[in-house]
Structure formats: structure tokens, C-alpha cells
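K.L.:
Here is my input; please provide its structure:
(chains A and B)
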Amino acid sequence: MSELLNLLLVIVLLFNFLMLGTSRVRAVIDAAAAQGTLLGVAYLTMHGASGVRALALGVAMIAIKGVLIPRILRSALRSQGIRREVEPFVSFTTSLLLGALATGLSVIFARTLPLAGEDANVLLIPASLATQLTGFIVLTTRRKALTQVVGYLTLENGIFIFGLTLVEAMPFLVEAGVLLDVLVAVFVMGIVVDHISREFSSIDSDELTELRE
Amino acid sequence: MSLLLLLSLIPLTFALVTFATRTERLRPWLVLAAAGCQIPVVGFVLVSRERFAPLAGSWIGLDPLGVLLVGYLSVLFLCCALYVPPYLRLRRERPNRIFCTMLLVFFGMMNFFLVSQHVGLMWVAIEAMTLSTGPLLYFNRNRRSIEATWKYLLIGSVGIALALLGSFFLGYSALYAGLESSLMLGDLKLHAASLSKPWLHAAFVLLLIGYGTKMGLAPMHTWKPDAYGEAPGLVGALLAGGATSCAFVGVLRFYSICVAAGDAAFARELMLGFGLFSMAVAGVFMVRQRDYKRMLAYSSVEHMGILVLGTAIGGAGLFGALFHVLNNGFAKGVLFLSAANIHRQFDSKSTDEVRGALRVMPASATLFLLGFLAATGAPPFAPFLSEFTILRAAVAEQRFGLAAAFLALLLLVFIGMGATVLTVVQGDPPPGRERPATERVQKLVPIVALLALVLLLGLWMPQPLESALWSATAVVEGRP
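P.N.:
Next up, the predicted model:
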């Protein structure tokens, strides 16, 4: 059980690196989609057997994080006709190195944390921290508004991994609400990205500089 | 319990109806109708509030903080709703379906947040609040407003994501201590003493940053000047009086868990830092501020600082902070709505082009000036009382340095804000704008009502309000 979970989490970590290293926006979205799907599967392996509700929620997660959200992002990408993240604030090599550093530190840091029982044996906490940090790196170093949305999504994925330790505390409705909120957030951001590209004829968020002191 | 849900179901039902309505003219009135229908329900809930007190194991309940805020919010929303029809009549060129619908969704979600007694549910509500205000900020559909919306959504969502992590940490602190895994506020408070300290500390830091982003505490305030600067005035009023106050309630709920865990000192230090820093940043950016709507945003940053500062002082300071929530909200309503009137008339937000408002539109300009006096704590308006209460609490605790800093920052803000406000209202109007405007009564009534409330609370504290304030103070600080 925990071996399968660890395997899934290792793949999640690999997708972090894919996200950091590629310039193709499409690939970044795909990596986030794959990550979301894996997290849904991880949820199912941990809790799927506990009842119909958990099963439904796991399936809904895969549908939303793995299919629906990426579809929104891909259609936003198509309507903009961009392919690549050009000249990020930090080069792809550097952000890969940063990602590696973040992952290493997460593993070391997680060892020092006071963890309950079985959580110390699985990769949940380090994977969660590393994925959050990856999300932050993407959020802060990329120019395209769309890539930043994916960064937010990755941050959210990382937090979600931590949430896997707490499933008993989260009632079904709350968990569904969180999922729905994330979906709507990406939907609304997708619309805004679309309008940015129409108004500014690019979606480089660093062109958004009219409002300043 | 089911009746409490009505508080958010009424606005949400009206939102559905508004969305389905095809007549542009009818929709603003539906917003007003929803605000009107809400009042009797809120009145009933407040009168029989004992019946709705949060029970063990229930997600929904009305704690004393909820009691205080639910009534206030419905009054504030009613005043803003009164402003909706005359405002949208002047904006016929814009479709108002999304705007009216989202106003109601926003209101419904604020109420839902206030009655939530589960950390996860609170998170869902506050994120929904953020998302519903996105389209409101984008109402003007120009480059500037889209930039503001983008920053608001991204900064807000990241902040709220951190709050989710903090919520999970809170749950984990219970799990680690071997308690039954729960994110119910009541359970967490009950078992607070045995929560794992390191996790609790980390949780509070993240929650303060997350909910503090929604409050607009410095340095997480960067979305605020843009958002308030570009949003229609009534949206600004609802954000500065409603959304930020709800986020403050969130901070107070987590603070009360820290107090119950015997960790108040740690939380207080943090809030003290954020409070003073917010006031200082606001003061610095208000000096020589030429955009009077951005100035209002910095004023909001300042007042959020005052709120957490009062909380950090504790006791009477917390009482003052809670009282200040209401006073700040009503005063901000006066300022944002009268600024909106001025903005509409002069078609500019910059003091380079807006001068002599008193001669062009005497009523709105007078209200703007009075709103400024109220917001900066001039007697006899209510913010004077609440700020004075906080100051006295600081002196009573013998924290003279803190009291001096508090006073100095209030003075800095008064001077900075005063310069901008006086430039707007005094002097000669710019060429071509001298002709006195016709001021519509409908656009003045809500402002006068809000001003009357600020004045009334400054002159007379109703007994039920006083006892509600004290019981909220007691609940947060864990005294019976």
C-alpha cells in the first residue's frame, strides 16, 4: 500500500521537474494534468475502499484535475496561438536547479518535522513541500499569465498532497467544495487570461504595469 | 440550523433569479429586493440568537462573532444595494447581468463564511468570495481594470491557498497529538491545550498570512490599491467593509484557538508586527497620493492594521477592534460611495484634474469630507471612540511606546489623507468643469444613511450592541 503510494509520489515529483524544464506551455499544462490524475489515483489507493463517497470523490478529482481543468487551459492556449514560454525571468536550467534544491531541502526538512506514526515512512510530506515550492517557482519566474495559472494549480496540488493525511477530518461536502472552488478559480482565471490577450495582444503578465505608484 | 443557511440562501436564490432575468432595468431592483428580504430574517436570527449557537458536531452555527457581523453586514449591504439602481442607470452601456448576479453571490458567500464553524467550510466560502468579486472588479472592462482583476485573483488565490495549507496544519496538529482528526472549530478549541505546538504555530502563521492577504495587511496588500482604484465605488465599499471584515473574523477564530492552547503571546507578537507595519506602509503611501481612490485603499490597509493591533493588545483593545470593524465599514461606505459620485462627475481619479468639488457638487463633496473626518478618527464620529479605546487599552497595559507609535501613525495618516482630500474638495474646479452638477437624491441617500450610522454609533452605544461586543471579546479571549 505505502509502496504504491510512494511510487505515485515519485512520479509526481518527476512531473515537477518536467514542468520546470520545458519551454512549451502545452507540456507544462500536460504535466499538471498528469500530476492531478496521479493525485486522484493516490487518493483512491489510500481511501477508495472506505466507501462509495470516497470512491466518487476520487473519480471526481481525476475528472476535474486531470481532464476538466487541463481542457480549460488548453483551450485558452489555443485561442492565444502561443506555444512557448519565451525568456522567463530565470532560465530553464536555473529553475531546474532550483527545483532540485527545493526537492532536496523538502526531504531533509520533512525529516525534522514531528510526524504522526505512518506519515514518517511515506513520501507524503516531502512530496507536498517540493510540489508547493515548484508551484511557487513557476508562479514567480514565468512571464505568461497562463503558465502562472498552472503554477497556482501546482501549488494547490502540493497542498492537496498534504491534505491526504487528513482525509478523516474533511467531510465529503467540504472536500467537494474545495475541488469546485479550484475548478472555478481556474475557469475565471482562464477567462481573464483570454481578456488580457485581447487587450494587450500578448499574455505576458509583466506587461501589466499601468497600475503602480 | 437550517434557518441560518437562509442567510446565504436568500441572496443566492435572488442571484439565480437575477441571472435568469432578461430585462436589464429590473436586475438592479432585484439586488435591492434581496437586501430588503434579508433584513427581517437577520432580525429574527439576532433576536433568537441563542437557538442558533453552534452545537458540538455541527458545521453551521452563529458564534458571538457571527452575531456581531451578520447584522452589520446586512445593513452595509442594504446601503450599497440602495446605490445600485441609480449607479447602473448611468451605466446603461454595460450589460449588468454578471455584475448584479455576482454582487448577490458575493453577499451570500460572506454570510456563509460567517455562519461556518468548520475550518474547511470557511475556506470554501472565502475562496468563493474571492472568485465572485473578480467579475465585479472587471466591470469597466478596460486595460486597467483587467490588470487589477488579474492581480487580485492571483494574489488572492495564492494567499488563500496558503490559508488552506494552514488549515491542514491545524488539523494535523490535532492528528499528531493523537486526537480524533477534526477541523471543527469547536473541537479544535475544546482540545486546544493538547494540540501539537509546532504544528499549531506553523498553522497560525500560514492562516494569518492567508487570511491577512484577504484583509489586505501589509506586505500582502499589493492587490488592494489596484483593485479599489479600478472597482466601481460600491464594490470598493463592499470589499473594504465586508470582505476584509469577514477575513478578520477568520483571523480572530484562529487566534482564539491559539489563546485556548495557551499560546496567545506568540500570536499577539505576530499580529502586533503586522498591525504596525500595515499602518506605517499605509501612512507612507498616503502622503502625496494623487489618486484619491487608491488613497482609500491605503486607508483600508491602515484600518486593517488597527484591527489586528487592537486584537494584539487584547482585553479592551480587542473590544475596540471589534467595534472598529463596524465603524470602519460604515465610514468606508461613505468614502467610497461619495468618491464614486465625484469620479463620475469629473471622469478622473487624479487630483490633477479633480479640484473644487465643493463648488461643483456640494452635497457629495461635503459627504466625502465628512467621511474623511470619520475615517481618520475625528470626534464625534464612532471611529474616534474605537481608536481611543484601543489607545487607552495600550496605555493601561503600560505599553507607552506602542501607544506613541499608534498615535504618531494615526497623525501621519491624517495629514497624508487630509492633503489629498482637501485638494479634491477645495479650490477652483479645472477649466470646463465649473458648472454645478445636478446631484441625484438617490445617489446621496445611501451615503447619508451610512454617515448617520457612523455618527450615531459615535454618540450613543446601544445596549444590545455593547453586550454583543463584550461577549464576542470574551469568546475570542476564552473567558466565560
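
K.L.:
Check which residues of the one helix or strand B:Ile209 maps to are buried.
P.N.:
Following DSSP states H and E, one finds B:Ile209 within helix B:197-215. Within helix B:197-215, the residues that count as buried by 16 or more other CB atoms under 10 Å in any protein chain shown are B:199-215. (Glycine included, C-beta is placed from N, CA and C.)

K.L.:
Contacting chain A as well, which ones from the residues you listed?
P.N.:
Within the set of those, contact with chain A (CB under 8 Å from any CB of the partner chain) is found for B:Trp199.

K.L.:
hang on, the earlier thing: helix B:197-215 and the very next helix or strand once past the helix holding B:Ile209, what's the angle between them?
P.N.:
Next in sequence after helix B:197-215, counting helices and strands by DSSP H and E, comes helix B:223-230. If you take axes from the mean of the first three to the mean of the last three CA atoms, to 10 degrees, helix B:223-230 sits at 20 degrees to helix B:197-215.

K.L.:
avg pLDDT for helix B:223-230?
P.N.:
For helix B:223-230, mean pLDDT rounds to 95.

K.L.:
which other helices and strands contact that helix?
P.N.:
helix B:143-176, helix B:292-313 (3 or more CB pairs under 8 Å, 6 or more residues apart in numbering or on different chains; DSSP states H and E).

K.L.:
CA atoms only: put it into CSV for me.
P.N.:
The C-alpha trace of helix B:223-230 is given here as CSV (Å, rounded to 0.1, in the frame of the first residue of the first chain):
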residue,chain,number,x,y,z
TRP,B,223,-3.6,43.9,-4.7
LYS,B,224,-5.6,46.5,-2.8
PRO,B,225,-4.7,49.8,-4.4
ASP,B,226,-5.2,48.4,-7.8
ALA,B,227,-8.5,46.7,-7.0
TYR,B,228,-10.0,49.5,-5.1
GLY,B,229,-8.7,52.0,-7.6
GLU,B,230,-10.4,50.3,-10.5
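
K.L.:
residue ranges with poor pLDDT in chain A?
P.N.:
A:1, A:202-203 (pLDDT under 70).

K.L.:
for it, which residue is closest to the average position?
P.N.:
A:Thr154 (1.7 Å; CA atoms, centre = their mean).

K.L.:
Is it in contact with A:Thr131, as I believe?
P.N.:
Yes. Judged on CB atoms under 8 Å, A:Thr154 makes contact with A:Thr131 at a distance of 6.2 Å.

K.L.:
overlap in contacts of those two?
P.N.:
Residues touching both A:Thr154 and A:Thr131 by CB atoms under 8 Å, 6 or more residues apart in numbering or on different chains: A:Asn16, A:Gln35.

K.L.:
before we move on, back to that, now do the nearest residue to the residue nearest to the centre of chain A once chain neighbours are set aside: how many residues are near it, please.
P.N.:
Excluding the flanking residues, the one nearest A:Thr154 by CB to CB, 6 or more residues apart in numbering or on different chains is A:Gly135, at 3.6 Å. Neighbours of A:Gly135 under the rule other CB atoms under 10 Å in any protein chain shown: 26.

K.L.:
Same check on B:Arg89?
P.N.:
Going by other CB under 10 Å, the residues that sit close to B:Arg89 add up to 13.

K.L.:
cool, B:Gln398 as well?
P.N.:
Using other CB under 10 Å as the criterion, the residues surrounding B:Gln398 number 9.

K.L.:
Next one, pLDDT for it please.
P.N.:
pLDDT at B:Gln398 comes out at 94.

K.L.:
Can you classify it by secondary structure?
P.N.:
When classified by DSSP: H, G, I helix; E, B strand; the rest coil, B:Gln398 comes out as coil.

K.L.:
Just want the phi and psi numbers for it.
P.N.:
Backbone torsions of B:Gln398, given as degrees, to the nearest 10, read phi 60, psi 30.

K.L.:
Fine by me, we can end here.
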